[in-house]
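A.B. asks: how would this look folded up:
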Amino acid sequence: MPLSPIAPGDLTQVAVGIDRPEDVVVGRDGRVFASDHQCAVAEILADGSFRRLGPRGGAPNGINMDRQGRVLIANFGIYDRQDGPLQRFDPASSEHETLLAEVGGRRLTSANYPVIDRAGNIWCANSTHADTWPQALDGRPDGFIFVLRPDGSSQAVAEGLRFPNGLALSADDRYLFCAQTSAADVMRFPIHEDGTLGAGGRYGPVLGKLQAPGEPTLDTAELGYTDGIGMDAEGNLWVCLPAANKVVAITPELEVVTVIHDPSGEVVNHPTNVTWGGPDLKDLYIGSIRAGYVLKGRSPVAGQPHVHQLEALPSA
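C.D. replies: Residues are numbered from 1 along each chain as shown. Okay, the predicted model is just below:
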């Protein structure tokens, strides 16, 4: 099915008043959770309101979920000069714990987005060790991807990345995709059976321009700072371009299709992540680093289910 564009006017604001809702995750039971800097995680209720759960601390950024319904939280600590560990919050018990605070002796300062595969490996990006996150957008290659395996071992599995950000898995768990914010692109890495990654390569084209210091200001529509990514059921990789107020998709043929664009930013304001939910996985949620709300709409294509959503799908 061709990807038809979504008009900003077809999107509804929910969780109005939330604080920096970078990401959203939808559980197997249909419950919807979003990042919120005022708590561990916020739950978006059916009427569009929200409630805060768990303790406040750091800067919850990308979130995901394991098969037990516990929310994985990448804490982007550098946002407010704190540590940036990988954490977990259980909505059922309210237990909030740190899963990983360092990898190979390196302190995590900017855990950004976690994704979990069928084998139980948690993959996550640590974007930078710069003092502040805007400094890291100069293109420095100090970011890495790490893995936390089911046996408790952890390892940096891809180095020298330029602000690695959102992650996504292929449907067969053979590839890990990673947005490089300060390279305006997406990388693809083969996943090995031992929970390591092979050499990565660019997936699709560069998705826009980067603003060079001292150079004339670019039109925002040209900016290609890649952020969160998500795979749909037809193999299109959706990529958020927050500085351009735009969401594009890289098709399996490596063509780029604009799915959402709001030049004014009045509705789609710095989109950072896309997530699918609902019985047909066509309820689309869009997070943001600027808007005090989450956007909800209908997607032309169903999302590829995350591992925690697989058991909710009807058998063939």
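A.B. asks: make it CA atoms for all contacts and neighbour counts henceforth
C.D. replies: Will do.
A.B. asks: just checking, A111 touches L86?
C.D. replies: Yes - look at A111 against L86 with CA atoms under 8 Å: they come within range, at 6.2 Å.
A.B. asks: who touches both of the two?
C.D. replies: The contact sets of A111 and L86 overlap at A74, N75 (CA atoms under 8 Å, 6 or more residues apart in numbering).
A.B. asks: out of these two, which sits in the busier spot?
C.D. replies: A111 (34 against 30; other CA atoms under 10 Å).
A.B. asks: Without its sequence neighbours, what residue ends up closest to the more buried one?
C.D. replies: N126 (4.4 Å; CA to CA, 6 or more residues apart in numbering).
A.B. asks: Retrieve the pLDDT associated with that neighbour.
C.D. replies: Per-residue pLDDT puts N126 at 97.
A.B. asks: Pairing partners for it in the sheet, please.
C.D. replies: A111, F144 (DSSP bridges).
A.B. asks: Can you give me the neighbour number for it?
C.D. replies: 30.
A.B. asks: ok, now G105?
C.D. replies: Quick note: G105 (other CA under 10 Å) scores 7 neighbours.
A.B. asks: Which neighbouring residues are in contact with it, exactly?
C.D. replies: Going by CA under 8 Å, 6+ apart, the list of residues near G105 is empty.
A.B. asks: what separates it from D185, distance-wise?
C.D. replies: Separation of G105 from D185 (CA to CA, to the nearest Å): 29 Å.
A.B. asks: now T132
C.D. replies: For T132 relative to D185 (CA to CA), the value is 22 Å.
A.B. asks: These two: which has the busier surroundings?
C.D. replies: Using other CA under 10 Å as the criterion, T132 and D185 rank with D185 on top: 23 against 15.
A.B. asks: Contact partners for the spatially closest residue to that one that is not a sequence neighbour?
C.D. replies: Counting by CA to CA, 6+ apart, D185 lies nearest to V206, which is 4.9 Å off, once chain neighbours are set aside. By CA under 8 Å, 6+ apart, the contact set of V206 is A183, A184, D185, V186, G224.
A.B. asks: show me the contacts for N269.
C.D. replies: Contacts of N269 (CA under 8 Å, 6+ apart): P242, N245, D262, S288, R290, A291.
A.B. asks: give me that answer again for 6 Å
C.D. replies: Counting by CA atoms under 6 Å, 6 or more residues apart in numbering, N269 touches N245, A291.
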